[in-house]
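[1] Return a 3D structure for these sequence lines:
(one chain, ligands or ions: 3)
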Amino acid sequence: MNLILFGPPGAGKGTQAKKLAETYSIPHISTGDILRDNVQKGTELGLEAKKYMDSGELVPDDVLIGLIKVRLSEPDANHGYLLDGYPRTKPQADALTDILEKISKPIDYVLNIDVQDEELVRRLSNRRICNSCGASYHLEFNPPKTNANCDSCEGKLYQRDDDKEEVILQRLSVYKKQTQPLIKYYDDQNILVTIDGKGQVEDIFNKITNILND
Ligand code: ADP
Ligand code: ADP
Ligand code: ZN
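    Ligands and ions are numbered 1, 2, ... in the order given. Model (predicted):
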């Protein structure tokens, strides 16, 4: 299965991706997770990316295109992939088309998770992330068993620097300007499916698997 999870910040991409990757045994490739990992380790890429991430801007296309090219050439992607957070611009989408053509791994579906702004802000402002496995929690909607540690790996939970109100609003605005236009790009290729992302995590997951198993 070759999938892209698409949608605004806070739509639930990461949450659904973890479950889908497990169900279909495909690697969950989250560019946000890869970048945060680099920031944490203090790599050159991390140092370069951090200033954009903290202000809610996109990291430059050439950086992301290089990163995704390398990641998709790793052996686990031979069995399929689940992209989360990439592509976010037209140049990134065009580059992806080229890469996938070369490795003969065309996209099966672009799953577009649709959620209203007000709900996105609510979700992002109380999100907590595991510093070890990247799992995403919500203090109210999807609470961890304890407020400090991850249920599945016991990693430490933290709040992302960019999940602060002003940065959240900036990210939503960047999404609308630079990323949302890709909905039409993929709809024109007849591979886009839009899923209503409001409701229980499990119900949304079932809607997605029904589409994929069809
Ligand atoms: P994204 O990867 O699209 O930014 P996440 O998966 O990190 O989104 O989810 C954003 C926040 O919303 C997290 O705090 C997560 O626990 C919560 N969340 C995810 N899915 C739902 C849902 N269906 N209903 C309520 N909250 C959700
Ligand atoms: P979200 O939960 O908002 O969907 P991500 O974890 O996917 O966030 O991304 C966090 C930040 O990492 C983005 O605001 C951006 O700065 C950077 N980033 C991640 N993926 C990309 C990408 N494909 N292109 C440019 N920047 C990216
Ligand atoms: Zn964890």
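
[2] Can you pull the phi/psi pair for the residue of the chain most remote from its centre?
    In the chain, residue 146 marks the outermost C-alpha relative to the chain mean, sitting 24.8 Å out by CA atoms, centre = their mean. Dihedral angles of residue 146 (phi, psi; degrees, to the nearest 10) stand at phi -120, psi 160.

[3] same question, the one 10 residues further on
    Backbone torsions for residue 156, taken as degrees, to the nearest 10, come to phi -80, psi 140.

[4] Grab the nearest non-local neighbour of it.
    Leaving aside its chain neighbours, residue 156 sits nearest to residue 131 (4.9 Å; criterion: CB to CB, 6 or more residues apart in numbering). (Each C-beta comes from the backbone N, C-alpha and C, glycine too.)

[5] contacting residues around the one you found?
    By CB atoms under 8 Å, 6 or more residues apart in numbering, residue 131 lies in contact with 40, 155, 156, 157, 158.

[6] What subset of the residues you listed is buried?
    In the contacts of residue 131, burial by neighbour count holds for 155, 157, counting by 16 or more other CB atoms under 10 Å.

[7] what about stretch 138-152 and ligand 2, touching?
    No - Stretch 138-152 stays out of contact with ligand 2 when judged by CB under 6 Å from any ligand atom, the minimum separation being 12.4 Å.

[8] next one: stretch 163-177
    Yes - applying CB under 6 Å from any ligand atom, one finds stretch 163-177 touching ligand 2 at residue 171.

[9] what about that stretch, average pLDDT?
    The predicted model gives stretch 163-177 an average pLDDT of 97.

[10] Go through it and flag the buried ones.
    163, 167, 168, 170, 171, 172, 174, 175.

[11] now do stretch 185-199
    Under 16+ other CB under 10 Å, the buried positions of stretch 185-199 are 186, 191, 192, 193, 195, 197.

[12] What strands flank whichever helix or strand residue 113 is part of, and is each parallel or antiparallel?
    Using DSSP states H and E, residue 113 sits within strand 109-114. Next to strand 109-114 in the sheet, as set by DSSP bridges, lie strand 2-6 (parallel), strand 192-196 (parallel).

[13] Show me what secondary structure element comes after the last one.
    Going back to what we said before, that points to strand 192-196. Counting by DSSP H and E, what follows strand 192-196 is helix 201-212.

[14] go on, the first one?
    Moving toward the C-terminus from strand 2-6, the next helix or strand (DSSP H and E) is helix 13-24.

[15] How about residues contacting that following helix?
    1, 3, 5-7, 26-28, 30, 32-33, 80, 82, 84-85, 111, 113, 134-136, 142, 201, 204-205, 208-209, 212.
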